[in-house]
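Participant: I'll drop the sequence and a predicted model, then ask my questions.
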There are 2 protein chains.
Amino acid sequence: MSISADILRGHTDAIILAQLMERDSYGYEINKNVSQRTGGAYGFKEATLYTAFKRLEQNGFITSYWGEDGPGARRRYYAITEAGMRQLAADRQEWNETRAVLDALISFKEG
Amino acid sequence: MSISADILRGHTDAIILAQLMERDSYGYEINKNVSQRTGGAYGFKEATLYTAFKRLEQNGFITSYWGEDGPGARRRYYAITEAGMRQLAADRQEWNETRAVLDALISFKEG
DNA sequence: AGAAGATACCTCGTGTGACGAGGTAGAAAA
DNA sequence: TTTTCTACCTCGTCACACGAGGTATCTTCT
């Protein structure tokens, strides 16, 4: 039972952490990147996104800071922490296991 | 947004349907098969399993009947319906999409 | 004979993540 | 000036997973 319970639901956090691994970013941008990267196939609902930020920050996986005032609406930037990086590594491994498990159980035979 | 919300959580039903695609079966056996097929990496909690049966039957994706009395504890067998087969086909496709999406978002770079 | 363990079923209550709905506010476009 | 886009946030609800607890039969061990 190496796969934890929330694996079927908690990928939101991993996706966000993976984005922040590349560079600091903010909610709106992360969501646009997700949409782009999946060819429009997937995107977070805003409520989902901001709940996730809160959770991630509470868990110490990300930190946040207000972006410098420029033109346009204010932005809250997020940065991944060391703990966040470790979490992401664990999440990636968990995803690999999950994929193997579901392939074995769902796609094991056509039809 | 071709991926529905519950995809991150609702794989239980698809796994059960996939098992029933091979032959009628009952709770305990399905769970053992799942464990076996995944090398012990995954198994349902009983509560999860029986909640899923109830849900699947209510949705018309499976039907159930008591096994003939033999030695050992009584067994309730489940059989997949036509609607269940259609659902399974949809679930399989959804899983393929989910896998692509998560690969793109989580495993896109080794970090 | 009695206890323990495997087989096999079921329900209730709780926790949590996803998200619909609703709200704020500045900038750009119509 | 009204709408649209960027950008943030909260509250309440829903659905699924599952811990805990319970029933009953059959086999195995002592």
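Facilitator: Done, it's in.

Participant: next helix or strand past the helix or strand that residue A:63 is a member of?
Facilitator: Using DSSP states H and E, residue A:63 sits within strand A:62-66. Of the helices and strands lying after strand A:62-66 in sequence (DSSP H and E), the nearest is strand A:76-80.

Participant: same for that following strand, what does it pack against?
Facilitator: The contact analysis (3 or more Cβ pairs under 8 Å, 6 or more residues apart in numbering or on different chains; DSSP states H and E) places strand A:76-80 against helix A:11-22, strand A:25-26, helix A:27-37, helix A:46-58, strand A:62-66. Just so you know, the C-beta spots here come from the backbone N, C-alpha and C atoms, and that holds for glycine as well.

Participant: What parts of chain A come near DNA strand C?
Facilitator: Applying Cβ under 7 Å from any atom of the strand, we find that chain A lies next to DNA strand C at A:6, A:9-12, A:44-48, A:51-52, A:55, A:71-73.

Participant: Separate out the buried members of those residues.
Facilitator: A:10-12, A:44, A:52 (16 or more other Cβ atoms under 10 Å in any protein chain shown).

Participant: Out of the residues you listed, which comes closest to residue B:105?
Facilitator: Residue B:105 lies nearest to residue A:11 out of these, by Cβ to Cβ, at 8.1 Å.

Participant: could you measure that closest one against residue B:28, distance?
Facilitator: Residue A:11 is 30 Å from residue B:28, where distance means Cβ to Cβ, to the nearest Å.

Participant: what does chain A put close to DNA strand D?
Facilitator: Of all the residues in chain A, those lying near DNA strand D are A:5, A:8-9, A:26-29, A:46-47, A:50-51, A:53-54, A:72-77, going by Cβ under 7 Å from any atom of the strand.

Participant: and residue A:51, how far is that from residue A:12?
Facilitator: Using Cβ to Cβ, residue A:51 is found at 8 Å from residue A:12.
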